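**Q** Fold the following, please.
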Amino acid sequence: MPEATPDTTRSAVGADHELDPAEADVCERLARTLCTGGHDRVDSPEWVARARDACDDLPLLLRRGVRRFRRHSGPHGTLVIGGLPIGQATLPATPTVPGSVQRQATISAAVLTMVACGLGEPLAYLAEKSGALVQDVVPVPGQEKFHGNAGSVPLSFHTENGFHPHPPDYVVFLCLRADHDRIAGMRVAGIRQALPLLTPASRQALFAPEFIITPPPSFGPGAAAGESDAEPRPVLSGAAEDPDIRMAQLVTTPLTPRADAALTEFGRACEATARTLRLTPGNLVVIDNRVTVHGRTAFHPRYDGADRWLQRTYVTTDLRRSRDHRPHDGHILAR
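**A** Residues are numbered from 1 along each chain as shown. Purely as a prediction, here's the structure:
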């Protein structure tokens, strides 16, 4: 596949793996088995266990691509899969209510969860979207300027839930509908592309615990007191040549002048190396949340039932490490 250049738009045509009709049929049949039988509550451990087992029967090339991405997420830290079934013929109107989630099993929720199980274990946070494992990312009337998944203004670069002791390792989005004008884009920028653009002084500052990261607006106004790890932390950590990121431009506060300058330079490096993914129905994108930040371009919702609609889930590669945050060894982080 040709290498994408900065700000290149990719769709299903440029997916890392495009399902053929036979592969899509296999995925749909598996998804339908998860929507029947009386055990179709997405958030139940029993349903997740069924999705985990069904993942083993996904098409070989799809499973292999997901497994390889889990071992190493590549230069961009993203994986795009095209041609997935979403139950388009029976898709309801795009939700417009705040906090919209998917509690009942659907074709799209099942596909999303099966792929998530190929990466690790689905994860959710009780303080965000009521702890649902499958969440709707849709524009909400009156929240156009909200800097979160309910808004339609530009969304700045961020990793998901970097404030938390246990942020997700991956974020997975499945597109059910594109926006009317086909202008909404998911912007992604990876540290493996941005790191060479940083000066040694900025790298040193970004590795220092000189930043405060607070919960995003989606966690609600009272989240900072109950959920935030208020201890100063670095933006970059781990291997100097291939670090992990914890950063959200909107809620990351530098504590020193050098930290401020370094964060600004890091933002410029992300802008310089960013790519824009304009997803179409059936496109799924996996973002390695450890090494890649993402955001969104602006778009114009019409609130007519056919607006942009993504579904999202979080994934951890090691569910055990958050055991003290998960009551009854479930998939929901309660604190």
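
**Q** Every contact and neighbour count from this point should use C-alpha atoms.
**A** Will do.

**Q** Can you tell me which residue sits nearest the middle of this structure?
**A** residue 171 (2.7 Å; Cα atoms, centre = their mean).

**Q** wait, doesn't it sit right on residue 290?
**A** No. With contacts counted by Cα atoms under 8 Å, residue 171 stays clear of residue 290, the gap being 9.9 Å.

**Q** quick revisit: from residue 117, how far off is the residue nearest to the centre of the chain?
**A** Distance from residue 171 to residue 117, counting by Cα to Cα, to the nearest Å: 12 Å.

**Q** where's the lengthiest helix in the chain relative to the chain centroid, distance-wise?
**A** Counting by DSSP state H, the longest helix found in the chain is helix 257-273. How far helix 257-273 lies from its chain's middle: 22 Å, per Cα atoms, centre = their mean, to the nearest Å.

**Q** Excluding its own residues, what touches it? List them.
**A** With contacts defined as Cα atoms under 8 Å, 6 or more residues apart in numbering, helix 257-273 is touched by 6-7, 189-191, 193-195, 197-198, 201-203, 205-206, 210-211, 249, 253-254.

**Q** What mean pLDDT does that helix get?
**A** Computed over helix 257-273, the mean pLDDT rounds to 98.

**Q** again with stretch 16-32
**A** Mean predicted confidence for stretch 16-32 is 97.

**Q** one step back: in strands, which of the contacts of helix 257-273 appear?
**A** 189-190, 211, 253-254 (DSSP state E).

**Q** got TSV for those, with neighbour count too?
**A** Compiled in TSV, these are given as follows (neighbours: other Cα atoms under 10 Å):
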residue	neighbour count
189	28
190	27
211	25
253	18
254	23
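
**Q** thought residue 119 was touching residue 68?
**A** No. With contact defined as Cα under 8 Å, residue 119 does not count as touching residue 68 (9.6 Å).

**Q** From the neighbour counts alone, determine which of those two ranks first.
**A** residue 119 (23 against 12; other Cα atoms under 10 Å).

**Q** where does this structure have low pLDDT?
**A** Scanning the chain for pLDDT under 70 picks out 1-14, 37-39, 221-229.

**Q** just the helices in it please.
**A** Assigned by DSSP H, the helices in the chain fall at 21-33, 45-55, 60-71, 107-119, 191-194, 200-206, 223-227, 257-273.

**Q** most packed of those helices?
**A** helix 107-119 (a mean of 26; mean count of other Cα atoms under 10 Å).

**Q** relative to helix 21-33, how tilted is that one?
**A** If you take axes from the mean of the first three to the mean of the last three Cα atoms, to 10 degrees, helix 107-119 sits at 100 degrees to helix 21-33.

**Q** other SSEs contacting helix 107-119?
**A** Under the contact criterion of 3 or more Cα pairs under 8 Å, 6 or more residues apart in numbering; DSSP states H and E, helix 107-119 touches helix 21-33, helix 45-55, helix 60-71, strand 170-177, strand 309-316.

**Q** Helix 60-71 and the first one, what's the angle between them?
**A** So the one you mean is helix 21-33. Going by the same axes, to 10 degrees, helix 21-33 makes 80 degrees with helix 60-71.

**Q** Which residues does helix 21-33 contact?
**A** So helix 21-33 is contacted by 54, 57-59, 83-85, 106-108, 110-111 (Cα under 8 Å, 6+ apart).

**Q** For those residues, work out which two are farthest apart.
**A** Using Cα to Cα, the two most remote members of the contacts of helix 21-33 are 59 and 106, lying 19.5 Å apart.

**Q** For those two, indicate the residue with more neighbours.
**A** Applying other Cα under 10 Å to residue 59 and residue 106 shows that residue 106 carries more neighbours, namely 22 against 16.

**Q** I figured the more buried one hits residue 35, correct?
**A** Yes. Applying Cα under 8 Å, one finds residue 106 in contact with residue 35, separated by 5.9 Å.

**Q** For stretch 193-202, which outside residues touch it?
**A** 75-76, 258-259, 261-263, 265-266, 269-270, 272-273.

**Q** Check these against residue 20 and report the nearest one.
**A** residue 76 (24.5 Å).

**Q** And the closest one, how far from residue 186?
**A** Noted for residue 76: a distance of 14 Å to residue 186, by Cα to Cα.

**Q** Now do the shared contacts for those two.
**A** Contact criterion Cα under 8 Å, 6+ apart; residues shared by residue 76 and residue 186: none found.

**Q** residues in contact with stretch 315-329?
**A** Residues outside stretch 315-329 that contact it (Cα under 8 Å, 6+ apart): 116-117, 119-123, 166, 168-172, 331-335.

**Q** try 10 Å
**A** The contact list for stretch 315-329 (Cα atoms under 10 Å, 6 or more residues apart in numbering) reads 45, 70, 113, 115-126, 133, 165-172, 286, 288-289, 330-335.

**Q** thinking again about what came up before, nearest to residue 234, of the helices of the chain?
**A** In this view, these are compared for proximity to residue 234 by Cα to Cα, and helix 200-206 is the closest at 5.8 Å.
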